[in-house]
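Trainee: Below are the sequence and a predicted model; questions follow.
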Amino acid sequence: MTQGNIARWKVKEGDEIRAGDSVAEIETDKATMEFESQEDGFLAKIVVGDGAQNVPVGAIVAVMVEDKEHVSAFAGYVPPAAAAAGSTPAPPAPAGKASSPSSPSSFETGGRMWPSVRRLLAESGIDPSTITPTGPRGMLVKGDVLAAMGLCAAPVPSPSAAAAAAEKPSTTKANASPPAPPSPAPTPEDDFENWEDLPVTSIRRVIASRLLESKTRTPHEFVTAEVSLASVAGLRAALKAKDVRASVNDCVLYAAARALRASPKVNAKWDDALSAGVTDPDVDVAVAVATDGGLITPIVRRADTKTLSEIGDEVRELAGRARKGGLKPHEFTGGSFSVSNLGMFPVDQFSAILNPPQGAIMAVGRGVDKIRIDETTGELFDEPTMSVTVSADARVADAADVARFLEAFREVIEQPAEAWATGA
Amino acid sequence: MQQALLALAPQGRRALASSTALRTIGARMFSASAATADQQDVVVIGGGPGGYVAAIKGAQLGLKVTCVEGRGTLGGTCLNVGCIPSKALLHASHLYHDANHTMAKHGISVGEVSIDVAKMMEQKSKSVSGLTKGIEGLFKKNKVTYAKGWGSLTSTPGEVVVAKEDGTTQTISAKNIILATGSEPAALPGVEVDEETIVTSTGALDLKEVPKRMVVIGGGVIGLELGSVWSRLGSQVTVIEFAKDICPPMDAQMRKTFERSLKKQGFKFMMEKKVTGATKTQTGVTLTVEPSAGGEAVEVEADVVLVATGRKPFTSGLGLEAAGVEVNKRGQVVVDMHTYATSKPGVFAIGDIVEGPMLAHKAEEEGISCVEQLAGKVGHVNYDVIPSIIYTHPEVAWCGKTEEEVKATGAEYNVGTFPFAANSRARTNDDSEGMVKFISCKHTDKILGAHIVGPNAGELLGECVLAMEYGGSTEDIARTCHGHPTLSEAIKEAALATGGKPIHF
């Protein structure tokens, strides 16, 4: 998003604002959104009023202050001319804050932020409030941002970071014992409401913000197809006899990769700069793996050129390392298509959220035996089937493109056993 | 008097209701003023950096504080026979050395340069007494009661007995007691100290003339600093060290640079040797020296021998056994290193008498943390970020882990170094021996250790300590503007060099 319109302000100058209040309606080129305040305070000055069009991201649209007395100080406030995102000088005293819609790069400069942190936030565009600080006294350190960018493991919180967290509720009546990590000992009265606060890791925060962005800013369309797993069942049995492992998911990946090669609209992504869909040169299939820290998607590069065994071995190796947190960034960043398989659960069908920046994702359900009638003989037979649902970015591929991809997918996955390049 | 005592002790643990009790209390206090009759919130035994700082802070936080010190002056070892006098002599000897060796190069001719040891010592004493009197002034200003005498605990909780110079005793009642009695030089068996020819640091700070030959037993900080003083003034200094390295806590790479510099200054080193005996002769002292592992002995002659083999906690006469305060095998008072509580409720201990580096600033931090907690606030000492400084020239300073320590944890790390020879200011000053070294986490760039050998190392380290206190990375130091031309640019360049490339080397 590079610019937006202020549809209307829902508060006026002088009003008190609580964190979570919706203060304005912002129109972007995709939707009209509520702008929620992250902080408590008072609206001191509206700089850009109702109906303003094409306000660039990073421009100061209003000033919020902590104390009511400071509201009047901004009566005649005019924002500085240079409103470049990320490096706006702080408005004159008292401590006012610039509110601008959504852009994560317009944060406070100066103050308690290391230069390395500032640089990394500006380069990555990550919103600092989504990162858990591990530095002393609740400060963000370089390692925290690197971890949020997926470039290193999350740093170990320093002892005084735990102390800072424990001190936050006011310590007017402090104790002589050293600051303890925030886990209150349950008392008998607490038993009914005993709960445990699990700290949110920075990985989950990033996942959360990325998914929200994907779901709200991309027009998802969903196309479901049912395919027969009869051929796959036969293939797997034959391979097992030769002592070769091949899972249903390996076959799904193999088939999807080859189908993608023939579907340039599905193996594609939306490019904001060009305002058009762009086909990826390679078929790089990301495989969703559930780990303790959250969902991660290691990528099988150029999957359309690999044999079934190669795909299987690579997926197993990547998944193993993913569960231990041992993937390198390039192994899970990027990709042209994702496959998410819940077939090991009693899930027949589901729709997945696109994995930015990809243009399509396939959600795979479980194998279900269904009774069929043979058209020629009229006899009943049972057939293992599977439902797959492709979510696609409607700007890049329309439903027909997706349907054609699914046709190609079905052709491969239902092909006779000998046709599979197994490499076995 | 009885009425006054009743009025002064509203929170007293002892009920002053009966006049019998009052008479008993009155009878025990000979030279007591009305002020000492009331119970103190904190009594600090020891007026060194740990003790006097704790006392002043406690008073500032609103507590009733008495500080007990028997030396006759405040400031402890540090001000009287440690940090301060040694720095005074290091400064004087540095000036003398400059006059003799470096001024000519800049076109300054000074003719015959001589040293008047008595005058040097007089100046040293002046700095010392100025500072110790200053602390007395601070006590008055902050309303800390100064009890002059040797304090000790008794079997009665909350009681401190002060043995005064005139032979009388005073008993002070205390809600809390902080022990801060510091340390004293450790003895070396076989080498008897007389503080004239065979001296500890105390005697070495008060020699009457420059010894022709000085042998320093112990290659640690104290030995090297004092050896530096006399070496600059003209002594031939030999250091005899038991281990294979001087200054064991130093980073090995930095120690190599440091040792090379000391050798250039004329120091001689006998490593992995132990001194088993010392005999005073007409011409000085003869030492019997053997290899550390045992073996053939040799004799080494000296005019003055400095025994600097370490320091031990000073707890004699404190009454710890009677009071039930636990002491470990090394003579240290056993405490919880967060609250400084000893095994006896209401008794705390800080500084050189508890575990940890025997540094004045460490004692100060502990003193402050301890009284802050006693005053109901939160106190915290960050033991990972305590600087160590050696005041030789070039100076040595470091904070955090050495490369060896980081390697031992198995963590992946980056190293960045920068020599002062490439620093404009150091070159201009013609004082460019040494280097700066950073060790940082390879993944997060967090600074794990900062090491400096060079001019003003102790001052330059301050920036690194601040960064480390806030979990900073080398990039943070590299991206902060450093003035030009300053020595501190070497810090910036070493930070740049960590995991990257310096500009000026």
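Mentor: Structure received. Numbering: from 1, shown residues only, chains lettered A, B, ... in the order given.
Trainee: Going by C-alpha atoms from here, please, whenever you check contacts or count neighbours.
Mentor: OK.
Trainee: Indicate the residue of chain B located nearest to chain A.
Mentor: Using Cα to the nearest Cα, residue B:444 is the residue of chain B that sits closest to chain A, at 4.1 Å.
Trainee: Pull the distance from stretch B:361-372 to the chain's centre.
Mentor: Distance of stretch B:361-372 from its chain centroid, counting by Cα atoms, centre = their mean, to the nearest Å, is 14 Å.
Trainee: for stretch A:119-130, same thing?
Mentor: Its chain's average C-alpha position is 15 Å from that of stretch A:119-130, according to Cα atoms, centre = their mean.
Trainee: What are the buried residues along it?
Mentor: Using 16 or more other Cα atoms under 10 Å in any protein chain shown as the test for burial, stretch A:119-130 gives A:121-122, A:126-128, A:130.
Trainee: For the residues you listed, work out which two are farthest apart.
Mentor: The widest separation within the buried residues of stretch A:119-130, taken as Cα to Cα, falls between A:122 and A:130 and amounts to 14.2 Å.
Trainee: re earlier: for chain B, state which of the buried residues of stretch A:119-130 is nearest.
Mentor: residue A:121 (13.8 Å).
Trainee: so that closest one, which of the three states?
Mentor: helix (DSSP: H, G, I helix; E, B strand; the rest coil).
Trainee: Next, find the distance separating it from residue A:412.
Mentor: Distance, residue A:121 to residue A:412, by Cα to Cα, to the nearest Å: 45 Å.
Trainee: returning to what we had before: now the buried residues of stretch A:119-130 in JSON lines, with pLDDT?
Mentor: Converted to JSON lines, the buried residues of stretch A:119-130 look like this (pLDDT from 0 to 100):
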{"residue": "A:121", "pLDDT": "89"}
{"residue": "A:122", "pLDDT": "88"}
{"residue": "A:126", "pLDDT": "88"}
{"residue": "A:127", "pLDDT": "88"}
{"residue": "A:128", "pLDDT": "88"}
{"residue": "A:130", "pLDDT": "88"}
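Trainee: restrict those residues to contacts with chain B.
Mentor: Among the buried residues of stretch A:119-130, none lies close to chain B by the criterion of Cα under 8 Å from any Cα of the partner chain.
Trainee: and of those residues, the nearest to residue B:230?
Mentor: Proximity of the buried residues of stretch A:119-130 to residue B:230 (Cα to Cα) peaks at residue A:121, which lies at 54.8 Å.
Trainee: That closest one touches residue A:143, doesn't it?
Mentor: No. Contact between residue A:121 and residue A:143 fails when scored by Cα atoms under 8 Å: they sit 11.7 Å apart.
Trainee: For stretch A:53-66, which residues meet the burial criterion?
Mentor: For stretch A:53-66, burial by neighbour count (16+ other Cα under 10 Å) applies to A:55-66.
Trainee: returning to that earlier point: can you tell me the SS state at the nearest residue to the residue of chain B closest to chain A once chain neighbours are set aside?
Mentor: Excluding the flanking residues, the one nearest residue B:444 by Cα to Cα, 6 or more residues apart in numbering or on different chains is residue A:143, at 4.1 Å. Using three-state DSSP, the structure places residue A:143 in helix.
Trainee: can you pull the contacts of residue A:143?
Mentor: A:152, A:154-155, B:443-446 (Cα atoms under 8 Å, 6 or more residues apart in numbering or on different chains).
Trainee: Just give the nearest non-adjacent residue to the residue in the stretch 251-400 of chain A that chain B sits nearest to, would you?
Mentor: Nearest residue of the stretch 251-400 of chain A to chain B: residue A:328, at 12.3 Å (Cα to the nearest Cα). Spatial nearest neighbour of residue A:328, chain neighbours left out: residue A:151 (7.7 Å); criterion: Cα to Cα, 6+ apart.
Trainee: Check the contact between the one you found and residue A:331; I expect there is one.
Mentor: No. Using Cα under 8 Å, residue A:151 is not in contact with residue A:331, being 11.2 Å away.
Trainee: Break the chain down into its domains, please.
Mentor: This is for chain A. A:3-84, A:108-194, A:202-423 (automatic domain parsing).
Trainee: Hmm, no, I was thinking of chain B.
Mentor: Per the TED database, the domain ranges recorded for chain B read B:40-184+B:313-375, B:198-309, B:387-499.
Trainee: Is there contact, residue-wise, from the first one to chain A?
Mentor: Yes. Shown here: domain B:40-184+B:313-375 in contact with chain A (Cα under 8 Å from any Cα) through B:338-339, B:373-374.
Trainee: Which of these fall in helices?
Mentor: Of the residues of domain B:40-184+B:313-375 next to chain A, the ones assigned to helices by DSSP state H are B:373-374.
Trainee: Residue A:273: which of the residues of domain B:40-184+B:313-375 next to chain A is nearest?
Mentor: For the residues of domain B:40-184+B:313-375 next to chain A, the nearest to residue A:273 is residue B:338 (56.9 Å; Cα to Cα).
Trainee: Need phi/psi at that closest one.
Mentor: When read as degrees, to the nearest 10, the backbone of residue B:338 gives phi -110, psi -40.
Trainee: From what I see, it and residue B:382 are in contact.
Mentor: No. In this structure, residue B:338 is not within contact of residue B:382 by Cα under 8 Å, at 10.0 Å.
Trainee: Tell me which of those two has more neighbours.
Mentor: residue B:338 (17 against 12; other Cα atoms under 10 Å in any protein chain shown).
Trainee: residues near residue B:43, how many?
Mentor: Residue B:43: 33 surrounding residues under other Cα under 10 Å.
Trainee: could you pull out the helices for the stretch 201-350 of chain B?
Mentor: Using DSSP state H, counting those that start in this stretch, the helices of the stretch 201-350 of chain B run over B:201-204, B:221-232, B:252-264, B:320-323.
Trainee: Of those helices, which is nearest residue B:129?
Mentor: Between residue B:129 and the helices of the stretch 201-350 of chain B, the shortest gap by Cα to Cα is with helix B:201-204, which sits at 15.7 Å.
Trainee: which neighbours does the longest strand seen in chain B have in its sheet, and in what orientation?
Mentor: In chain B, assigned by DSSP state E, the strand with the most residues is strand B:169-179. Applying DSSP bridges to the sheet, strand B:169-179 is found paired with strand B:40-45 (parallel), strand B:159-163 (antiparallel), strand B:347-349 (parallel).
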